[in-house]
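Participant: this one's structure only:
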């Protein structure tokens, strides 16, 4: 039985991660060539920040999932840290095998290790299956998520 | 006519900011004494991180509003940064005078200055007046916001 390995991504993982990000986004977004230097700059900004983690999920040596974890300091809840999960993706051919569940439970553990008071995420309103998935893992849909795009 | 001054908060602003955070939260949350050292530790974690800003809104020398801005690196949208607005509060006696609008428009400008592709926030599902407020400023309610509390 193959086991999902969760670890911090390296620059070598970028093509696989970018392919998953480009494929599965609502609304679809225009992405550049995976070799574009802006991706490497973004990776380096994440990699050098102890409060940002880009995660690669590996199965039998293949990168099959990704997510980004952000640890945010804040005053509320007696000065508690919060964990933020963003950009969760899993390879289409591996859906429905509970790998997503493993990823999120692992992410929650990372947030616990960082002494976060809570873990938060937003999910596209259209993705009712994702809402049910997160609700099963204990997430409560208490907020609306709003976005303002500043440029294309 | 008094003018709202928006600036980074200092440790001296903490009592006023904490009073606003404690007063106006859904659901109500237990907060500690404003002198609790956990608040100062949280302030320092924000203050020493160039990607975190705790903002004080000052009117005639009184701190009447607050919000936290986070600048998040990410791979999506060709390696774009995102701005996150959290913990927005304004003094009860100053509601309805468009100070909140000034604060958010200023926050959006800060995100623009940091070359963010988008600005995002979540708002309690119960706060339909806040949703209308943000919608008026151009924010689109495209996501649901989910939270998992890890401890009290």
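Facilitator: Sure, I can see it. Keep in mind that what you see is a predicted model, and the values were worked out from it rather than measured.

Participant: element containing the residue nearest in space to the middle of chain A, please.
Facilitator: Compute the mean C-alpha point of chain A, and by C-alpha atoms, centre = their mean the closest residue is residue A:67, 2.3 Å away. Residue A:67 is located in strand A:62-72, with elements delineated by DSSP states H and E.

Participant: which helices and strands sit right next to that strand?
Facilitator: Helices and strands touching strand A:62-72, by 3 or more C-beta pairs under 8 Å, 6 or more residues apart in numbering or on different chains; DSSP states H and E, are helix A:14-23, strand A:52-59, strand A:81-90, helix A:99-113, strand B:62-72. (Glycine included, C-beta is placed from N, CA and C.)

Participant: of all these, which lies closest to residue B:44?
Facilitator: Distance to residue B:44, taken as C-beta to C-beta, is lowest for strand A:81-90 among the helices and strands packed on strand A:62-72, at 12.7 Å.

Participant: Just checking the closest one against chain B, any contact.
Facilitator: Yes - remark: strand A:81-90 sits within contact range of chain B at A:81, A:84, A:86, A:87, by C-beta under 8 Å from any C-beta of the partner chain.

Participant: can you check stretch A:98-105 too?
Facilitator: No - Stretch A:98-105 lies apart from chain B when judged by C-beta under 8 Å from any C-beta; the minimum separation is 9.2 Å.

Participant: which parts of that stretch are buried?
Facilitator: Within stretch A:98-105, the residues that qualify as buried by neighbour count (16 or more other C-beta atoms under 10 Å in any protein chain shown) are A:99, A:100, A:102, A:103, A:104.

Participant: Pick out the most distant pair among those.
Facilitator: Spanning the widest gap among the buried residues of stretch A:98-105 are A:99 and A:104, at 10.0 Å by C-beta to C-beta.

Participant: Mind listing the strands the strand holding residue A:67 pairs with, and their directions?
Facilitator: strand A:52-59 (antiparallel), strand A:81-90 (antiparallel) (DSSP bridges).

Participant: so how far is it from its chain's centroid?
Facilitator: Once both centres are worked out by C-alpha atoms, centre = their mean, to the nearest Å, strand A:62-72 turns out to sit 4 Å from its chain's centre.

Participant: Name the nearest of the buried residues of stretch A:98-105 relative to residue B:4.
Facilitator: Of all those, the one sitting nearest residue B:4 is residue A:104; the distance, using C-beta to C-beta, is 40.6 Å.

Participant: Surely the closest one is in contact with residue A:83?
Facilitator: No - Residue A:104 sits out of contact with residue A:83 when judged by C-beta atoms under 8 Å, with a separation of 11.1 Å.

Participant: Would you mind identifying the next helix or strand past the strand holding residue A:67?
Facilitator: Using DSSP H and E, the helix or strand that follows strand A:62-72 towards the C-terminus is helix A:76-79.

Participant: For residue A:151, which residues are in contact?
Facilitator: Neighbouring residues of residue A:151 by C-beta atoms under 8 Å, 6 or more residues apart in numbering or on different chains: residue B:117.

Participant: That one looks like it's in a strand, true?
Facilitator: No - going by DSSP: H, G, I helix; E, B strand; the rest coil, the assignment for residue A:151 is coil, not a strand.

Participant: Report the outermost residue of chain A with respect to its centre.
Facilitator: Among the C-alpha atoms of chain A, the one farthest from their average position, using C-alpha atoms, centre = their mean, is that of residue A:78, at 26.4 Å.

Participant: That residue: what's it in contact with?
Facilitator: Under the contact definition (C-beta under 8 Å, 6+ apart), the residues listed for residue A:78 are B:30, B:31, B:32, B:36, B:38, B:39.

Participant: repeat for residue A:43
Facilitator: Counting by C-beta under 8 Å, 6+ apart, residue A:43 touches A:9, A:11, A:14, A:54, B:75, B:79.

Participant: isn't residue A:85 right next to residue A:119, touching?
Facilitator: Yes - taking contacts as C-beta under 8 Å, residue A:85 lies within contact range of residue A:119: 6.5 Å.

Participant: who touches both of those two?
Facilitator: The contact sets of residue A:85 and residue A:119 overlap at residue A:107 (C-beta under 8 Å, 6+ apart).

Participant: centre of the chain versus stretch A:108-122, how much separation?
Facilitator: In terms of C-alpha atoms, centre = their mean, the centre of stretch A:108-122 is set 13 Å apart from its chain centre.

Participant: about what we covered before: pipe the helices and strands packed on strand A:62-72 into a markdown table and attach distance to residue B:92 and mean pLDDT per row.
Facilitator: As requested, the helices and strands packed on strand A:62-72 are arranged in a markdown table below (distance: least, C-beta to C-beta, whole Å; pLDDT from 0 to 100):
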| stretch | distance to residue B:92 | mean pLDDT |
| --- | --- | --- |
| helix A:14-23 | 43 | 93 |
| strand A:52-59 | 36 | 98 |
| strand A:81-90 | 25 | 97 |
| helix A:99-113 | 33 | 98 |
| strand B:62-72 | 10 | 98 |
